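>>> Kindly generate the corresponding structure for this input.
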Amino acid sequence: ANPAEAVKWFRLAAQQGQLNLGQAYFLGLGVAQDQTEAIRWYRKAAAQGNANAQVNLGVAHYAGQGGVPVNHTQAFAWYLKAAQQGHAMAIGNLGALFNDQPTVPRHRVVAHALFSLSANLDPSPANVANGHRAKLAGSLSPQELAAAQALAQELENSSDFAKTLQAQLDQAAKAKLSKP
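Numbers count the residues shown, from 1 in each chain. Model prediction:
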């Protein structure tokens, strides 16, 4: 028996249990529906690094669920934590924020790159990033589309998703400032 290995599995089970309790309260499965209690359990799992719980908190902040006020900055932060772990839905949700939310600076190239990466990570029909990517592609110039595809590849190969994304945003901001 390996105690260190056992502790690793206990931690994973605890995270999953907290997420599952959050889901049960959110949906009212086996308990009275209580979105505030669901958020409490999601926070516990998210604090331990559970990407699904982080996405659920992002969605709560995005939509104002479970007594959480609408706050796209907080949604962005939670999605980014999950995206760092390669969570396809989190990456697609970041794309949506960059595509059409007034509280996040609009950046269609970054949005397309994120939709593409999300769709590559999860090509299932359930992933709405596929449709968003196709719709957005029609409004991009060939140069913008090429830049988005290059960024998607760079993000996929990056060891630090957040740092690579921030570098792209910084570069875009500098380019925007240097235009007359």
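
>>> Only C-alpha atoms from now on, for both contacts and neighbour counts.
Will do.

>>> Enumerate every residue touching the closest residue to residue 123 other than its chain neighbours.
Using CA to CA, 6 or more residues apart in numbering and skipping the chain neighbours, the partner closest in space to residue 123 is residue 130 (7.5 Å). Residues counted as contacts of residue 130 (CA atoms under 8 Å, 6 or more residues apart in numbering) are 115-116, 119, 123.

>>> Next, find the distance separating residue 119 from residue 135.
Distance, residue 119 to residue 135, by CA to CA, to the nearest Å: 13 Å.

>>> Give me the more crowded residue out of those two.
Between residue 119 and residue 135, counted using other CA atoms under 10 Å, residue 119 has the larger neighbour count: 24 against 12.

>>> Relative to residue 132, how far out is residue 119?
The gap separating residue 119 from residue 132 is 10 Å, by CA to CA.

>>> To clarify, my last question referred to residue 69.
26 Å.

>>> Same drill for the two, tell me which one is more crowded.
residue 132 (19 against 13).

>>> was I right about the more buried one contacting residue 115?
Yes - assessed by CA atoms under 8 Å, residue 132 is found in contact with residue 115 at 6.7 Å.

>>> Would you mark the buried spots in whichever strand or helix holds residue 96?
Using DSSP states H and E, residue 96 falls within helix 88-100. Neighbour counts over helix 88-100 (16 or more other CA atoms under 10 Å) mark 88-99 as buried.

>>> In JSON lines: those, plus distance to residue 48.
Formatted as JSON lines, the buried residues of helix 88-100 follow (distance: CA to CA, whole Å):
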{"residue": "88", "distance to residue 48": "19"}
{"residue": "89", "distance to residue 48": "19"}
{"residue": "90", "distance to residue 48": "17"}
{"residue": "91", "distance to residue 48": "20"}
{"residue": "92", "distance to residue 48": "22"}
{"residue": "93", "distance to residue 48": "21"}
{"residue": "94", "distance to residue 48": "21"}
{"residue": "95", "distance to residue 48": "25"}
{"residue": "96", "distance to residue 48": "26"}
{"residue": "97", "distance to residue 48": "25"}
{"residue": "98", "distance to residue 48": "27"}
{"residue": "99", "distance to residue 48": "30"}
